[in-house]
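Novice: okay, here's the prediction I keep looking at, along with the sequence it came from:
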Amino acid sequence: MPEWRIFPSPRLLVVVFVLSLCACATPPPVVTKPVAKEITGGLIPAEYLCPSPALEAVDPKLAREIKDFLAEGGILAGYPGAANLPMVLNGPVESYLRAFSRNQKSAFKTYLSRSGRYLPMMRRIFRERDLPQDLVYLALVESGFNPFARSPAEAVGIWQFIEGTARRYGLKVNDWVDERRDPEKATRAAARYLQDLFTQFGCWYLAAAGYNAGEHRVERALGKNDDTTFWALAQNGLLPRETCHYVPQFIAAALIARNPQKYGFDGVAYQGPLVYEVVKVPGGTNLRRVAQVLDLDYQDLKELNPELKSDQAPPAPQDYLLKIPRGKKKRLAQRLARFKGDS
């Protein structure tokens, strides 16, 4: 922990102000004094609070300098650009730590294994957006990192977008493609959505609640309660039951994913990250034919292009940007050129 006295007195005041911009105050490692009312399998700690948004902006350059200094000391968790979020350990979180590491252990281990395919890409995109890295584990709770996941409410993909929100954030959903199933495009959309939610609510856990329940539902709940923390809204029954579970699930998932061995997940066989290059193919190109040309299993090609609803690229006149394994682009280009020459 750095010595605060190294700052001159005026800068100390600015430091305190900048810290007030943090998404959520870091709670004690172990909460021992919960409030009396139970919610979703545990007790809600009164100590865990999200501060109100700041009323005025601090000088951006000075804010960045102070943020960088504090980040070096590892004490800035919760700030929008911090690497990790503060992790509260309370009854609901502990109940999901037990569930994930016991009766749901096999499924959770599969999710951890599958995460290796997508986490490098997700972390890169979240860094570009200056988002906390822990937010990538929302995808674990949403879909188990499965791009083909579909919920009963017709939410689709790794990030489980419903169609309206997907379109709002620039994802195509039509007869030929469903970009909610495109891991990279959906991650970029999710990053933008989470950024907007944080701007609206000023707290990452309220942003996560908004991601699950919808921002309007959380906004209405905030209007009905004097205490504007996620835990207070959940405790007072102002959020859907699923959302009351969702944030503790996310925290538990992030804690396990950070340190799987600590929770008994030894020997997780993480899948390698997807490595591919993009090539233009004519509209209507048959993917099975492409797989034959490249000596690939069709399912391997399909997994690189999960957004395609059939075994064909969208019809002409537009070309389509198809993802293929790295190193195969030259061979496919030669075969496509030969095909055009013969036609």
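Specialist: That came through, no problem.
Novice: what about N259, how many residues nearby?
Specialist: Neighbour count for N259, taken as other C-beta atoms under 10 Å: 9. All C-beta atoms are positioned from the backbone trio N, CA, C, and that covers glycine.
Novice: next, give phi and psi for it.
Specialist: Here the main-chain torsion angles of N259 (degrees, to the nearest 10) amount to phi -150, psi 70.
Novice: quick check, pLDDT for it.
Specialist: The score at N259 is 92. That number is its pLDDT.
Novice: what separates it from Q160, distance-wise?
Specialist: The spacing between N259 and Q160, counted by C-beta to C-beta, to the nearest Å, is 26 Å.
Novice: next one: I251
Specialist: 18 Å.
Novice: correct me, but A269 touches L112?
Specialist: No: assessed by C-beta atoms under 8 Å, A269 is found out of contact with L112, at 9.1 Å.
Novice: these two: who's more crowded?
Specialist: The neighbour comparison of A269 against L112 (other C-beta under 10 Å) goes to L112, with 23 against 9.
Novice: list the contacts of the more buried one.
Specialist: L112 sits next to L140, I256, A257, P260, F265, V268, Y270 when contact means C-beta atoms under 8 Å, 6 or more residues apart in numbering.
Novice: what about it, is that helix, strand or coil?
Specialist: helix (DSSP: H, G, I helix; E, B strand; the rest coil).
Novice: and K280, by the same measure?
Specialist: K280 - assigned by three-state DSSP - is strand.
Novice: and it, what pLDDT?
Specialist: So, for K280, pLDDT stands at 90.
Novice: quick one: the nearest residue to D311 once chain neighbours are set aside and F148, what's the gap?
Specialist: Distance criterion C-beta to C-beta, 6 or more residues apart in numbering; nearest residue to D311, sequence neighbours excluded, is L287 at 4.7 Å. Counting by C-beta to C-beta, the gap from L287 to F148 is 16 Å.
Novice: okay, those two: which has more neighbours?
Specialist: Just comparing L287 and F148: by other C-beta under 10 Å the higher neighbour count belongs to L287, 20 against 13.
Novice: so what's A166 up against?
Specialist: Contacts of A166 by C-beta under 8 Å, 6+ apart are V156, V173, E179, R180, A186, A189.
Novice: now do the strands in the stretch 151-300 of the chain.
Specialist: For the stretch 151-300 of the chain, strands defined by DSSP state E, counting those that start in this stretch occupy the ranges 276-281.
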